[in-house]
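Asks: fold the following and give me the result.
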Amino acid sequence: MLLPALHGAVAGVPRPRIHDEYSYLLAADTFARGRLTNPSPALPTFFEAEHILVVPSYQSKYPPGQGLVLAIGVVLFGHPIWGVWLSCGLFAGSLCWMLQAWTSRTWALVLTTFSALTLGTATYWAQSYWGGMVAAAGAALVFGAIRRLDRAPRVGVSVLLALGLLLLANTRPFEGALAAIPAIAYWVRRIARSGSELKSRFLTGVLPAVVVLSVGIGMMGVYNHAVTGSAFLFPYSLHLQQYLHHGVFLFGDTHEPTRQAVDRIAQFFRERSASSLQGTELASQAAANLIMRLPLAVSTAFGFSLLATAAESFRSIFIWSLLLPQVWGRHSTRVLRLAFIAVSSIELLVWFRDPGYLILLAPALGLGLLTVLHAVAVPGEWMRRSLLAIVGTLAVQSLVAWWYPHYTAPLLPLVVAMVGAELRRASRRRGVSLRRHIWKLMAVGVAAQLLALGVARLGHANQPSAQADQYPNREAVARHLEAIGGQHLVMVSYASDYPLDSEWVFNGADLSGSPVLFAHRLGEDKNAELFRIMPSRYVWHLDVSSRGGQLSRAVVSEKHLQ
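Replies: Next up is the predicted model:
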């Protein structure tokens, strides 16, 4: 947890940049106030946003897991980013616990530390509100528990299995089911064949998980009912019905959205709706998706990720290459400590020359690791099934129209576990042991990574930010108006050249009490309706274009308030 927090202290607390982040932050604000959802706004069209429901209630469309973690950050530390950093710690602890069941304790510590240094420090998984770590932690609990329960059933481990499944169901339910169900089915089949031990294995290994899952599923139904009005209708499904012309899969029929959204929001979803594919077109597009996503998904486990500004893009993922020499022969700890520093320095120099090197590195790293995974899958049944789970999940995901690396968070622990198992097997074959010097090596690795991250940050401190940050900063305007005092209503309109991926109309959970509200400008007559129900707010016009934004005080006549 402290690694990403330390990076955040140097780089600054990240502000939300992606539509999804604002949706998760709305959920966090709602939960932190002790509510499951919020009443629908009196004039909901003015407050529509890309991934937010405004009817029948006002809440994020996403499962509540990430929002709950962000809310914990708000309640305990006063800022949602602490929830992200806490989730990094949760993932590290869960991953290490899992790896101890799949490989040795020493390799579990090594692999967990490397994951924390790369994926868990500077990537968008650790420095944005978009999520990934909670689902990865849930998957680690599931796969760690299944391996332990397969050896000896225990009540506590069974409860952890259920908690891991609930984390997956409330963060990445689709991918989580694809990854976890085959492993659970295999484990259940082994229990069914346990003969005289069947009763004891069921009572101590299965029944506790069933009880916890039943309670958790009931709570999910309560949440669904609060947000959508039905325990069986998920907010995500309702949002698909209201706004999208097509489902999440490449196949399937198109339909008319049930809600007539404001023009800008409707256009956003029209451009993301794909025509239904069938036959050879469907097969070719799915194959292209799989070829692209498979190496990226695998390499994500080792630090590569998309969606970073130049100052955040340094990963030090070359440090993973230090694991390979360990299985080739014996090396002194002095050589290994120097190698840690040398590898981080070399990558830092390459990054200064061209930060885009990661785009070239990721496929090569991913394809190389796939070869390792294939090799490690041969000797053991669990490994073969893990490889099938990874490839099978990504194959089904290739039928989904859109994709980002954190969608495969439930697979990440499996990838690391398979590499760890191969490293343990190969090191035994070569007679290599890190046990005596593990703490020295980890200390040098952490120091080298943090030093490299600090140099990278300082080296790009004066560079312009990424494209999304070149446009007006919504948070800066909110702070400016809050400093004036009173309550404000900012009516936003966009120039035709302003990108759909940059949005201003996002608000917190308390629409009536918020000092600054952002709303769509919909025309004089419709705007007047909003002014009449908010007569005490100062009204501002904000005109946004790719060249910047202009804020001006709006003149509201008496007839608009009558």
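Asks: list the contacts of the residue nearest to V13 when sequence neighbours are not counted.
Replies: In space, and not counting its chain neighbours, V13 is closest to I81: 5.3 Å by C-beta to C-beta, 6 or more residues apart in numbering. C-beta: built from backbone N, CA, C; applies to glycine. Listed by C-beta atoms under 8 Å, 6 or more residues apart in numbering, the contact set of I81 reads 8, 13-14, 73, 129.
Asks: one more: W97?
Replies: Counting by C-beta under 8 Å, 6+ apart, W97 touches 140-141, 144.
Asks: between the residues you listed, which sits nearest S60?
Replies: Nearest to S60 out of these is L141 (C-beta to C-beta; 23.9 Å).
Asks: the closest one: what secondary structure?
Replies: Secondary structure, DSSP: H, G, I helix; E, B strand; the rest coil: L141 is helix.
Asks: wait, it sits on L167?
Replies: Yes. With contact defined as C-beta atoms under 8 Å, L141 reaches L167; the gap is 7.0 Å.
Asks: related to what we said a few turns ago, ok, of the contacts of W97, which one's closest to S345?
Replies: Using C-beta to C-beta, A140 is the member of the contacts of W97 that sits closest to S345, with 31.4 Å.
Asks: from what I can see Q285 touches L277, true?
Replies: Yes. The pair Q285 / L277 is scored as a contact, 5.8 Å apart, by C-beta under 8 Å.
Asks: and for these two, which residues touch both?
Replies: With C-beta under 8 Å, 6+ apart as the test, Q285 and L277 both reach L250.
Asks: and this protein, split by domain according to the record?
Replies: Segmentation of the chain into domains, based on automatic domain parsing, reads 2-260+266-459, 471-561.
Asks: tell me which of those is the most buried.
Replies: domain 2-260+266-459 (a mean of 19; mean count of other C-beta atoms under 10 Å).
Asks: returning to that earlier point: any chance of the domains of the chain in TSV with mean pLDDT as columns?
Replies: Shown next, in TSV, are the domains of the chain (pLDDT from 0 to 100):
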stretch	mean pLDDT
domain 2-260+266-459	86
domain 471-561	85
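Asks: where do the helices sit along the stretch 51-200 of the chain?
Replies: Remark: helices assigned in the stretch 51-200 of the chain by DSSP state H, counting those that start in this stretch are 65-77, 81-102, 105-117, 133-151, 155-169, 173-192, 198-201.
Asks: for V446, what are its contacts?
Replies: 3, 113, 117.
Asks: now do 7 Å
Replies: V446 sits next to L117 when contact means C-beta atoms under 7 Å, 6 or more residues apart in numbering.
Asks: who are the contact partners of E271?
Replies: Counting by C-beta under 7 Å, 6+ apart, E271 touches L500.
Asks: all strands of the stretch 251-400 of the chain, in order?
Replies: Counting by DSSP state E, counting those that start in this stretch, one finds no strands in the stretch 251-400 of the chain.
Asks: just give the closest residue to G205, not the sequence neighbours.
Replies: P153 (3.0 Å).
Asks: so how far is I191 from the one you found?
Replies: 8 Å (C-beta to C-beta, to the nearest Å).
Asks: for R532, same thing?
Replies: R532 sits 65 Å away from I191, going by C-beta to C-beta.
Asks: can you list contacts of stretch 30-45?
Replies: Here stretch 30-45 has contacts from 47, 54-59, 67-68, 71, 74-75, 223, 226-227, 262, 509, 511, 522, 529-530, 533, using C-beta under 7 Å, 6+ apart.
Asks: repeat that for stretch 167-185.
Replies: Residues from elsewhere that reach stretch 167-185 (C-beta under 7 Å, 6+ apart): 63-66, 131, 134-135, 137-139, 142-143, 146, 165, 220, 385, 389, 392-393, 396-397, 407-411.
Asks: same thing but 8 Å
Replies: Contacts of stretch 167-185 (C-beta under 8 Å, 6+ apart): 63-66, 68, 131, 134-135, 137-139, 141-143, 146, 165, 216-217, 220, 385-386, 388-390, 392-393, 396-397, 407-411, 414.
Asks: list the beta-bridge partners for Q59.
Replies: Beta-bridge pairing for Q59 (DSSP bridges): L53.
Asks: contacts only, for it.
Replies: Q59 neighbours (C-beta under 8 Å, 6+ apart): 26-27, 30, 36-38, 52-53, 227, 235.
Asks: those in strands, which ones?
Replies: 38, 52-53 (DSSP state E).
Asks: just the closest of the residues you listed to F518, please.
Replies: Set against F518, the nearest of the ones in strands among the contacts of Q59 by C-beta to C-beta is I52 (12.4 Å).
Asks: which residues touch the closest one?
Replies: 22-23, 26, 58-61, 506.
Asks: taking the contacts of Q59 together, which two end up most distant?
Replies: The most widely separated members of the contacts of Q59, counting by C-beta to C-beta, are L36 and I52 (15.0 Å).
Asks: close enough to count as contact, the residue nearest to G205 and S200?
Replies: Yes. The pair P153 / S200 is scored as a contact, 7.0 Å apart, by C-beta under 8 Å.
Asks: who touches both of P153 and I191?
Replies: Joint contacts of P153 and I191 (C-beta under 8 Å, 6+ apart) are 201, 205-206.
Asks: what's the closest of the residues you listed to L240?
Replies: Checking those against L240 with C-beta to C-beta, the nearest one is V206 at 34.2 Å.
Asks: what sits against the closest one?
Replies: Applying C-beta under 8 Å, 6+ apart to V206 gives the contacts 153, 158, 188, 191.
Asks: tell me the secondary structure for it?
Replies: Three-state assignment for V206 (three-state DSSP): helix.
Asks: state the distance from it to R189.
Replies: Taking C-beta to C-beta, one finds V206 at 12 Å from R189.
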